[in-house]
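Enquirer: Sequence below, structure please.
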Amino acid sequence: MSTEQNKTISDPLLDPRKMNMVQRPWARGTIVAIIGAIASAYILTLLPKPFARDILVALVGYFGGVYMGLGLSTDSAKKAALEYAVSGAFFGLSLAGLWLSPWFLALACFAHAAWDAAHHPKALDIFVRPWYVPTCVVYDILMGTFVLLWWWR
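Expert: Residues are numbered from 1 along each chain as shown. The predicted structure follows:
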(Lines give C-alpha, C1' and ligand atoms only; values in the text may rest on other atoms or scores of the structure.)
Protein backbone atom coordinates (compact mmCIF):
# COMPACT_ATOMS: atom_id res chain seq x y z
CA MET A 1 0.00 0.00 0.00
CA SER A 2 1.42 3.39 -0.94
CA THR A 3 2.01 6.14 1.59
CA GLU A 4 -0.75 8.24 -0.01
CA GLN A 5 -3.28 5.41 0.25
CA ASN A 6 -2.21 4.73 3.83
CA LYS A 7 -2.65 8.42 4.69
CA THR A 8 -6.13 8.41 3.18
CA ILE A 9 -7.21 5.46 5.31
CA SER A 10 -5.68 6.71 8.57
CA ASP A 11 -6.68 10.37 8.23
CA PRO A 12 -10.09 10.81 9.92
CA LEU A 13 -10.79 13.88 7.78
CA LEU A 14 -10.52 11.74 4.64
CA ASP A 15 -12.18 8.58 5.91
CA PRO A 16 -15.94 8.75 5.16
CA ARG A 17 -16.67 6.30 7.97
CA LYS A 18 -15.33 8.80 10.53
CA MET A 19 -16.94 11.94 9.09
CA ASN A 20 -20.01 13.51 10.61
CA MET A 21 -22.86 14.31 8.24
CA VAL A 22 -21.76 17.86 7.33
CA GLN A 23 -18.17 16.78 6.67
CA ARG A 24 -19.25 14.41 3.90
CA PRO A 25 -18.74 15.95 0.44
CA TRP A 26 -22.26 15.17 -0.80
CA ALA A 27 -23.84 16.77 2.29
CA ARG A 28 -21.69 19.89 2.14
CA GLY A 29 -22.27 20.13 -1.60
CA THR A 30 -26.01 19.88 -1.16
CA ILE A 31 -26.06 22.57 1.53
CA VAL A 32 -23.88 24.90 -0.54
CA ALA A 33 -26.04 24.28 -3.62
CA ILE A 34 -29.27 25.08 -1.81
CA ILE A 35 -27.86 28.29 -0.35
CA GLY A 36 -26.32 29.24 -3.70
CA ALA A 37 -29.53 28.61 -5.64
CA ILE A 38 -31.61 30.60 -3.17
CA ALA A 39 -29.14 33.50 -3.33
CA SER A 40 -28.95 33.33 -7.14
CA ALA A 41 -32.72 33.23 -7.53
CA TYR A 42 -33.21 36.09 -5.09
CA ILE A 43 -30.67 38.29 -6.88
CA LEU A 44 -32.24 37.51 -10.26
CA THR A 45 -35.70 38.52 -9.00
CA LEU A 46 -34.31 41.94 -8.09
CA LEU A 47 -33.31 42.56 -11.71
CA PRO A 48 -35.48 43.41 -14.71
CA LYS A 49 -36.31 40.14 -16.49
CA PRO A 50 -34.39 40.98 -19.69
CA PHE A 51 -31.23 41.61 -17.66
CA ALA A 52 -31.83 38.51 -15.53
CA ARG A 53 -32.15 36.53 -18.77
CA ASP A 54 -28.74 37.82 -19.86
CA ILE A 55 -27.26 36.67 -16.55
CA LEU A 56 -28.81 33.21 -17.01
CA VAL A 57 -27.42 33.07 -20.56
CA ALA A 58 -23.95 33.75 -19.14
CA LEU A 59 -24.49 31.06 -16.48
CA VAL A 60 -25.40 28.46 -19.12
CA GLY A 61 -22.37 29.53 -21.17
CA TYR A 62 -20.28 28.99 -18.04
CA PHE A 63 -21.62 25.43 -17.84
CA GLY A 64 -20.08 24.85 -21.25
CA GLY A 65 -16.79 26.34 -20.12
CA VAL A 66 -16.59 23.88 -17.25
CA TYR A 67 -16.84 20.98 -19.68
CA MET A 68 -14.22 22.49 -21.94
CA GLY A 69 -11.93 22.48 -18.90
CA LEU A 70 -12.79 18.89 -18.05
CA GLY A 71 -12.02 17.92 -21.64
CA LEU A 72 -8.63 19.56 -21.36
CA SER A 73 -7.93 17.72 -18.11
CA THR A 74 -8.24 14.18 -19.50
CA ASP A 75 -5.67 12.15 -21.41
CA SER A 76 -8.36 10.30 -23.36
CA ALA A 77 -9.07 11.77 -26.79
CA LYS A 78 -12.56 10.22 -26.82
CA LYS A 79 -13.48 11.66 -23.43
CA ALA A 80 -12.06 15.04 -24.41
CA ALA A 81 -14.05 15.06 -27.66
CA LEU A 82 -17.21 14.16 -25.74
CA GLU A 83 -16.65 17.00 -23.26
CA TYR A 84 -15.98 19.46 -26.11
CA ALA A 85 -19.20 18.40 -27.86
CA VAL A 86 -21.18 18.87 -24.65
CA SER A 87 -19.50 22.24 -24.15
CA GLY A 88 -20.70 23.28 -27.61
CA ALA A 89 -24.21 22.04 -26.84
CA PHE A 90 -24.39 24.25 -23.75
CA PHE A 91 -23.13 27.22 -25.74
CA GLY A 92 -25.90 26.51 -28.27
CA LEU A 93 -28.50 26.27 -25.50
CA SER A 94 -27.32 29.59 -24.09
CA LEU A 95 -27.78 31.28 -27.48
CA ALA A 96 -31.19 29.64 -27.93
CA GLY A 97 -32.14 30.92 -24.48
CA LEU A 98 -31.11 34.42 -25.52
CA TRP A 99 -32.56 34.52 -29.02
CA LEU A 100 -35.53 32.14 -28.89
CA SER A 101 -36.98 31.40 -25.46
CA PRO A 102 -36.00 31.19 -21.79
CA TRP A 103 -37.30 27.59 -21.93
CA PHE A 104 -33.89 26.72 -23.34
CA LEU A 105 -32.22 28.11 -20.23
CA ALA A 106 -34.35 25.89 -18.00
CA LEU A 107 -33.65 22.95 -20.31
CA ALA A 108 -29.92 23.71 -20.04
CA CYS A 109 -30.10 23.66 -16.24
CA PHE A 110 -31.80 20.26 -16.22
CA ALA A 111 -29.44 18.92 -18.91
CA HIS A 112 -26.49 20.18 -16.86
CA ALA A 113 -27.77 18.27 -13.83
CA ALA A 114 -28.03 15.11 -15.91
CA TRP A 115 -24.58 15.54 -17.42
CA ASP A 116 -23.08 16.23 -14.01
CA ALA A 117 -24.65 13.02 -12.73
CA ALA A 118 -22.83 11.26 -15.58
CA HIS A 119 -19.58 12.56 -14.09
CA HIS A 120 -20.08 10.34 -11.07
CA PRO A 121 -16.78 8.46 -10.64
CA LYS A 122 -18.38 5.17 -11.71
CA ALA A 123 -19.86 6.59 -14.94
CA LEU A 124 -17.54 8.57 -17.22
CA ASP A 125 -14.41 7.98 -15.18
CA ILE A 126 -13.25 11.59 -15.51
CA PHE A 127 -11.81 12.96 -12.29
CA VAL A 128 -13.96 15.51 -10.52
CA ARG A 129 -13.81 16.51 -6.87
CA PRO A 130 -16.21 14.55 -4.60
CA TRP A 131 -18.34 17.62 -3.88
CA TYR A 132 -18.77 18.59 -7.56
CA VAL A 133 -21.51 16.18 -8.64
CA PRO A 134 -23.98 16.66 -5.75
CA THR A 135 -23.40 20.42 -5.66
CA CYS A 136 -24.05 20.93 -9.36
CA VAL A 137 -26.97 18.50 -9.60
CA VAL A 138 -28.87 20.14 -6.74
CA TYR A 139 -28.04 23.71 -7.87
CA ASP A 140 -29.01 23.00 -11.47
CA ILE A 141 -32.34 21.37 -10.60
CA LEU A 142 -33.25 24.24 -8.28
CA MET A 143 -32.23 26.87 -10.84
CA GLY A 144 -34.05 25.11 -13.68
CA THR A 145 -37.19 24.96 -11.56
CA PHE A 146 -36.78 28.62 -10.63
CA VAL A 147 -36.48 29.64 -14.30
CA LEU A 148 -39.64 27.71 -15.20
CA LEU A 149 -41.67 29.07 -12.29
CA TRP A 150 -40.43 32.65 -12.39
CA TRP A 151 -40.49 33.18 -16.11
CA TRP A 152 -44.00 31.90 -16.64
CA ARG A 153 -45.87 33.15 -13.61
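
Enquirer: contacting residues around residue 137?
Expert: Applying C-beta atoms under 8 Å, 6 or more residues apart in numbering to residue 137 gives the contacts 33, 113, 116-117. Heads up, the C-betas are built off the backbone N, CA and C, glycines and all.

Enquirer: Tabulate the residues you listed (a markdown table), appending pLDDT.
Expert: Formatted as a markdown table, the contacts of residue 137 follow (pLDDT from 0 to 100):
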| residue | pLDDT |
| --- | --- |
| 33 | 92 |
| 113 | 93 |
| 116 | 83 |
| 117 | 82 |
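
Enquirer: quick one: which of these is nearest residue 141?
Expert: Using C-beta to C-beta, residue 113 is the member of the contacts of residue 137 that lies nearest residue 141, at 5.1 Å.

Enquirer: With adjacent residues omitted, what lies nearest to the closest one?
Expert: Spatially, and ignoring its direct neighbours in sequence, residue 113 is nearest to residue 140 (3.8 Å; C-beta to C-beta, 6 or more residues apart in numbering).

Enquirer: got JSON lines for the contacts of residue 137, with neighbour count too?
Expert: Listed next are those as JSON lines, based on neighbours: other C-beta atoms under 10 Å:
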{"residue": "33", "neighbour count": "21"}
{"residue": "113", "neighbour count": "19"}
{"residue": "116", "neighbour count": "22"}
{"residue": "117", "neighbour count": "14"}
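
Enquirer: before we move on, the earlier item: what distance do you get for the residue nearest to residue 113 to residue 114?
Expert: 9 Å (C-beta to C-beta, to the nearest Å).

Enquirer: who has more neighbours, the two?
Expert: residue 140 (24 against 11; other C-beta atoms under 10 Å).

Enquirer: Report the contact partners of the residue nearest the centre of the chain.
Expert: Centroid-nearest residue in the chain: residue 136, 3.0 Å away (criterion: C-alpha atoms, centre = their mean). Residue 136 is in contact with 33, 112-113, 116, counting by C-beta under 8 Å, 6+ apart.
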